[in-house]
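Asks: any chance you could fold what I've pasted below:
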Amino acid sequence: MSSHSQKLLASATAALAALALAACTPPHQNDSDLKVETATGVEAPTHSSTATTVAAAANAPGYIDCVGAPEQQPAEISLNCLDNSEQLTEIHWDAWEATSATGTATRVVTAANGEKTETKDVDVELSFPTESSQGLVFAQVTVDGEVIAL
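Replies: Numbering: from 1, shown residues only. As a prediction, the model looks like this:
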């Protein structure tokens, strides 16, 4: 099986797993308009997020990194969900908008022998917002002008 086929299979499996998890609800769940106050004795933290992020609207698309819930402005993105041998780390987002998100990152590639190669200041773009079972998410990753097949 080729590397491209493996990536495609892994992406399809991850998408199917995310869809299955999103469809799960507790049995006999009853929606309620009654809101119960919890944790009233604990104050919310007063610190803000890091300075390496930009403000993103609450309804802006998120990004699903392999599996899990959509996240806005992730600090890391895996470019190979099969073995996590290629990642974007230390991502600094310059813009996070409805149609795309752009920033710079360090690209880390781990060879089969464990040797790591880092390339700093690569350009990152998330694009093609798509409606998923978990809301609007970016479906395409581009690194230094190259579309990454996930």
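Asks: and Glu97, how far is that from Gly103?
Replies: Using CB to CB, to the nearest Å, Glu97 is found at 12 Å from Gly103. To be clear about C-beta, it is placed using only N, CA and C from the backbone, and glycine gets the same treatment.
Asks: err, Pro129, not the other one
Replies: In terms of CB to CB, Pro129 sits 16 Å off from Gly103.
Asks: could you do Ala75 as well?
Replies: For Ala75 relative to Gly103 (CB to CB), the value is 11 Å.
Asks: before we move on, what about Ile77?
Replies: From Ile77 to Gly103 the distance is 10 Å (CB to CB).
Asks: hmm, who's touching the longest strand belonging to the chain?
Replies: As assigned by DSSP state E, the longest strand anywhere in the chain is strand 116-132. Contacts to strand 116-132, defined as CB atoms under 8 Å, 6 or more residues apart in numbering, come from residues 18-19, 22, 61, 63-64, 70, 77, 88, 91, 98-111, 136-145.
Asks: out of those, which are buried?
Replies: By neighbour count, with 16 or more other CB atoms under 10 Å, those hold 18, 61, 63-64, 70, 77, 88, 91, 100-108, 137-139, 141-143 as buried.
Asks: after the helix or strand bottoming out on mean pLDDT in the chain, which helix or strand is next?
Replies: Every helix and strand in the chain was compared by mean pLDDT, DSSP states H and E; the lowest is helix 3-22, with a mean of 60. Toward the C-terminal end, the helix or strand that comes next after helix 3-22 (DSSP states H and E) is strand 77-78.
Asks: relative to strand 116-132, how tilted is the helix or strand that that following strand is followed by?
Replies: Following strand 77-78 in sequence order, the next helix or strand is strand 86-96 (DSSP H and E). Inter-element angle recorded for strand 86-96 and strand 116-132: 60 degrees (by axes from the mean of the first three to the mean of the last three CA atoms, to 10 degrees).
Asks: with that, I have no additional questions.
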